[in-house]
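# Turn this into a model:
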Amino acid sequence: MRPIADCRLYGFLDAAYLGTRDPADLVHQLLAGGVDMIQLRAKTWSQDDIAAIVRRVLPLTRTAGVPLIINDHVELARRVGANGVHLGQEDSESMPVSAARAQLGPSALVGVSTHSLAQARAAEALKPDYIGIGPLFATGTKPGVAPIRLGTLGDVTRRVALPAFAIGGITLGNLPEVIRNGGLRVAVVSAILCAADVAAAARAFRDSIHRQLNRIRS
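Purely as a prediction, here's the structure:
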C-alpha cells in the first residue's frame, strides 16, 4: 500500500457529487487518473449503504495499492477492512486518534481535519498520520464556512511536521498559488468529481502537482 509520505493527490468518492453514477466506475476513473489516496465520504448514507459500496470498491483500490479511507465511521472502517479513517474536528474530540488507532490496528491510517494553525498544532500532539487543512477557498462542499486563506496554509506547513493536505475550493487555476504557499499535498473534491472526464481531471491535477514540485526541487 502506498505510504503516506508518497501521497500528493487525495481524491474523493463523495456521495454529495455522485448523482446516478456508479461508485465503482468513479473509483476506476480516479485510479486511472493517478490519485494517491481515496476517501469515501457519505454524510447522509446509512452505515449499511456505505459498507455495500466499500465492498465493491475496496478490491479496486487494493489492487492499485491506493489507500481507501472512510470518513467518520471508525467501527465501519474496521469491519469492512478499509485502510483507515478520517476524523473531523468534532469526531477527533469524541473519538481520539489513539482510540481510532486501537480499533483499526497499527497499520491503519488516521487523518484529522483542521481549520487553523492552533488546531493543526493540537492535532500534531495526537499523532495522526496526516491532517487536512482548510477550507482554503470558498467551496460548495463546506457552504457557509469561512476560508482560512493561503497565509494559514503557509503557517501550518512551516510549523507542523505532519503531512498536510490542503483542501477546499482548489482548482487547476489556483493550484500553483497553493503549492507556492506550501501546499505540497492537496485534496480535491468537486474540481475532479464534477468534471466531464474524471480520470482526465485527476490526471491534470497529478501532472500539475509533479511539474511544480520538480520546479521547486530544481
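# use CA for all of it now, contacts and neighbours both
Fine.
# need the helix or strand of this protein with the lowest average pLDDT.
helix 89-94 (a mean of 66; mean pLDDT, DSSP states H and E).
# mind listing the strands for the chain?
9-14, 37-41, 68-71, 84-87, 109-114, 130-133, 164-167, 186-187 (DSSP state E).
# how about those strands in JSON lines, adding mean neighbour count, distance to R215 and mean pLDDT?
Converted to JSON lines, the strands of the chain look like this (neighbours: other CA atoms under 10 Å; distance: least, CA to CA, whole Å; pLDDT from 0 to 100):
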{"stretch": "strand 9-14", "mean neighbour count": "23", "distance to R215": "17", "mean pLDDT": "98"}
{"stretch": "strand 37-41", "mean neighbour count": "22", "distance to R215": "24", "mean pLDDT": "98"}
{"stretch": "strand 68-71", "mean neighbour count": "26", "distance to R215": "30", "mean pLDDT": "97"}
{"stretch": "strand 84-87", "mean neighbour count": "27", "distance to R215": "31", "mean pLDDT": "96"}
{"stretch": "strand 109-114", "mean neighbour count": "25", "distance to R215": "28", "mean pLDDT": "96"}
{"stretch": "strand 130-133", "mean neighbour count": "25", "distance to R215": "24", "mean pLDDT": "97"}
{"stretch": "strand 164-167", "mean neighbour count": "26", "distance to R215": "19", "mean pLDDT": "98"}
{"stretch": "strand 186-187", "mean neighbour count": "24", "distance to R215": "17", "mean pLDDT": "98"}
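# Could you export the ones you listed as CSV, including distance to H28?
Compiled in CSV, the strands of the chain are given as follows (distance: least, CA to CA, whole Å):
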stretch, distance to H28
strand 9-14, 11
strand 37-41, 11
strand 68-71, 13
strand 84-87, 20
strand 109-114, 22
strand 130-133, 24
strand 164-167, 22
strand 186-187, 18
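# Those strands: which one's closest to R206?
strand 9-14 (6.4 Å; CA to CA).
# Mind listing the strands that closest one pairs with, and their directions?
Strand pairing for strand 9-14, using DSSP bridges, gives strand 37-41 (parallel), strand 186-187 (parallel).
# want to try a markdown table for the ones you listed, with distance to L104 as columns?
A markdown table is the format used below for these (distance: least, CA to CA, whole Å):
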| stretch | distance to L104 |
| --- | --- |
| strand 37-41 | 16 |
| strand 186-187 | 23 |
